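>>> Prediction below, plus the sequence it came from.
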Amino acid sequence: YISIHIWYGDFSQQCEEFPVDQCFAPLSVIACRVSKVQEELRTRKGIEATMTSDKWSDVRALGWMWVDYAAEQTEVIYGKWHPVLLDAIIQSNGTFVDTRGSTTSTLANRRVQSWHDGATRLIRWGWPGADDH
């Protein structure tokens, strides 16, 4: 599967010059990066995308799964750090698309590449059109 990690809450304070909705890559750009990974892996294995995010739940329309920790009450049942741990497991065991500059991204990218010889892509952000193709 392809793991997509997009948590903007950690970076929103760095969007000083632009409104947050213009600072980060839109879903269409993320979908483009995922498509590139799918193309790379299409001949090697079946592909399924799973997104961990604090922003979008409408990714199901793209055919992706979304981990909804709020609906599952993961934090309430298991504790504050369980969603973070589950994200790390999901992100490290597939192929990976994530936000450039994130510590989580760096760790997951390296795990995917070294543990699974997997494909990874990072999404540029910080200004409108930062990751346009």
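That came through fine. Numbers count the residues shown, from 1 in each chain.
>>> Specify the local secondary structure of the closest residue to residue 87 other than its chain neighbours.
With sequence-adjacent residues excluded and distances taken as C-beta to C-beta, 6 or more residues apart in numbering, residue 87 is closest to residue 52, at 4.6 Å. Placement of C-beta: from N, CA and C, glycine included. Three-state call for residue 52 (DSSP: H, G, I helix; E, B strand; the rest coil): strand.
>>> who does residue 52 bridge with?
residue 5 (DSSP bridges).
>>> That one: how many residues sit nearby?
Neighbours of residue 52 under the rule other C-beta atoms under 10 Å: 24.
>>> again, but for residue 22
13.
>>> Could I get the contacting residues of it?
15, 127, 128 (C-beta atoms under 8 Å, 6 or more residues apart in numbering).
>>> do residue 12 as well
20, 23.
>>> Share the number of residues neighbouring the nearest residue to residue 6 once chain neighbours are set aside, please.
Of all residues not flanking residue 6 in the chain, residue 53 sits nearest, at 4.4 Å (C-beta to C-beta, 6+ apart). Applying other C-beta under 10 Å, we find 20 residues neighbouring residue 53.
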